[in-house]
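> Turn this into a structure:
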Amino acid sequence: MARDIGPQMMLAEWLFVETVADLRDRSDAPASRSRYELLGIAPLLRKLLTDRGEPLLATVKRARQEVKTEFRIRPWQAPVGADDSLEYLVRLSGRELVGDAETEALTADQFLAARVGLLEGRDLSAKQVIRYYAHVEGGVHCGDPKEDGQEAMSKMSPVLLGNTTGQIEILGYLGQIVVDALTPLCDSILTSPTIVPAMHSLNSSGFHDHHWTTEYFASLRGKARA
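Just a heads-up that it's a prediction; the model follows:
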């Protein structure tokens, strides 16, 4: 069943589905990705969850309150056997962040506030990591550190260039958590998209003529054949 909510919501839904699909591709196997590929995850997470004003998730969710978005993350814990007497500038989680069906389900705000590491001995949240890579290291723009913790993190990035992607891989694991949480909402949109009745009529194949979802499903079939 389609929904008639307005053309602006239709645009938001299209952007949401494409953004989650892009995030899914970029977050697959983070350890095999280049630093630049991983950095491209930051603006996708920002667009979906932390944009000032209204993030894309909040926009789309307005019309689909019944669809659950459950974020399952395992907050950072010191590795077993770690020497806590050593002083670290930054300590970040890796694949152990990604929860499963047994992990407590969180809201988007709770996910963003979850501890994903330590920065100079203080808790570092998922939101801080996303905004640092988006606003300082170049995910959206390369800028001066302005928010809490960003200056300390920026001291490390020039040293790591060309040597390791170990720290920035966290974006891939955060991306996996977000994709899992938002897939039910994407499925809802694709099953029951917003339409403009004057423009989109249901055809004999079960798709809406001249609607973006028809092209989207066609592209999926093309990828499957390839």
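> What segments of this structure are strands?
90-92, 115-119, 122-125 (DSSP state E).
> Relative to its centre, which residue of this structure is most distant?
The centre of the chain is farthest from one residue, S204, which by C-alpha atoms, centre = their mean lies 35.6 Å away.
> thinking again about what came up before, figure out which of the strands of the chain is closest to R64.
The closest of those to R64 is strand 122-125. By C-beta to C-beta, the value is 26.5 Å. All C-beta atoms are positioned from the backbone trio N, CA, C, and that covers glycine.
> So in that sheet, which strands flank the closest one, and in what orientation?
strand 115-119 (antiparallel) (DSSP bridges).
> Please identify the buried residues of the partner strand?
115-119 (16 or more other C-beta atoms under 10 Å).
> what is the mean pLDDT for it?
Mean pLDDT, strand 115-119: 87.
> could you dump it to CSV, C-alpha only?
The C-alpha coordinates for strand 115-119 follow below in CSV (Å, rounded to 0.1, in the frame of the first residue of the first chain):
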residue,chain,number,x,y,z
ARG,A,115,30.8,4.8,24.9
VAL,A,116,33.0,3.6,22.0
GLY,A,117,36.4,4.3,23.5
LEU,A,118,38.5,6.6,25.7
LEU,A,119,40.1,9.9,24.8
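> could you point out where this structure is predicted with low confidence?
For the chain, applying pLDDT under 70 flags the ranges 1-6, 79-89, 138-166, 222, 225-226.
> okay, now Q176: neighbour count?
For Q176, the neighbour count with other C-beta atoms under 10 Å is 22.
> Relative to E102, how far out is it?
16 Å (C-beta to C-beta, to the nearest Å).
> returning to what we had before: any chance of the strands of the chain in TSV with distance to A218 as columns?
Below are the strands of the chain laid out as TSV (distance: least, C-beta to C-beta, whole Å):
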stretch	distance to A218
strand 90-92	40
strand 115-119	38
strand 122-125	40
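> Which one of these lies nearest to P197?
Closest to P197 of the strands of the chain, according to C-beta to C-beta: strand 122-125, at 43.5 Å.
> which other residues reach that closest one?
Strand 122-125 has contacts (C-beta atoms under 8 Å, 6 or more residues apart in numbering) with 76, 90, 92, 112-118, 149.
> In a markdown table: those residues, plus distance to V17.
Formatted as a markdown table, these follow (distance: C-beta to C-beta, whole Å):
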| residue | distance to V17 |
| --- | --- |
| W76 | 31 |
| V90 | 34 |
| L92 | 29 |
| L112 | 21 |
| A113 | 26 |
| A114 | 25 |
| R115 | 30 |
| V116 | 26 |
| G117 | 31 |
| L118 | 35 |
| G149 | 32 |
